[in-house]
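Trainee: after the sequence you'll find the predicted model.
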Amino acid sequence: MADQEIELSAEQLGERLELKFVKFQNVDRLTLFIHANQGAEDSTALSGIKLWGAGLAQTNMADFKRVAGSAGEGE
């Protein structure tokens, strides 16, 4: 089961997409599955993928702002 699924339109190709932060906090492996081609083409050509992020040692969790819930919730 996928942690997050994304369906791209032709207009979104090449744009930066934001992923769900909580799903990707501790990633050491990433698998991409291309389910279908754009415009019913016979093949998929993937010319590149760019990933943005920060290493755990560089992330100061005190800088993050609470957006929902109460302090201590989920701990």
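Mentor: Happy to help now that I have it.
Trainee: residue closest to the middle of this protein?
Mentor: Residue closest to the average C-alpha location in the chain (C-alpha atoms, centre = their mean): Leu19, at 3.3 Å.
Trainee: any idea how far that one is from Glu7?
Mentor: Separation of Leu19 from Glu7 (C-beta to C-beta, to the nearest Å): 14 Å. The C-beta positions use only the backbone N, C-alpha and C, and glycine is treated the same way.
Trainee: same deal with Phe24?
Mentor: For Phe24 relative to Glu7 (C-beta to C-beta), the value is 18 Å.
Trainee: what about the two, which has more around it?
Mentor: The neighbour count for Phe24 versus Glu7, taken as other C-beta atoms under 10 Å, is higher for Phe24 (13 against 7).
Trainee: the more buried one: what's it in contact with?
Mentor: By C-beta atoms under 8 Å, 6 or more residues apart in numbering, the contact list for Phe24 reads Asp3, Gln4, Gly53.
Trainee: what's the closest non-adjacent residue to the last one?
Mentor: This means Gly53. Excluding its sequence neighbours, the residue lying closest to Gly53 (C-beta to C-beta, 6 or more residues apart in numbering) is Phe24, at 7.7 Å.
Trainee: model confidence score at the one you found, please.
Mentor: Looking at Phe24, its pLDDT reads 76.
Trainee: low-confidence ranges in this structure?
Mentor: In the predicted model, the chain carries pLDDT under 70 at residues 54-59, 61, 66, 68-75.
Trainee: find the nearest non-adjacent residue to the residue nearest to the centre of the chain, please.
Mentor: Leaving aside its chain neighbours, Leu19 sits nearest to Gln4 (5.9 Å; criterion: C-beta to C-beta, 6+ apart).
Trainee: run a quick neighbour tally on the one you found.
Mentor: Gln4: 9 surrounding residues under other C-beta under 10 Å.
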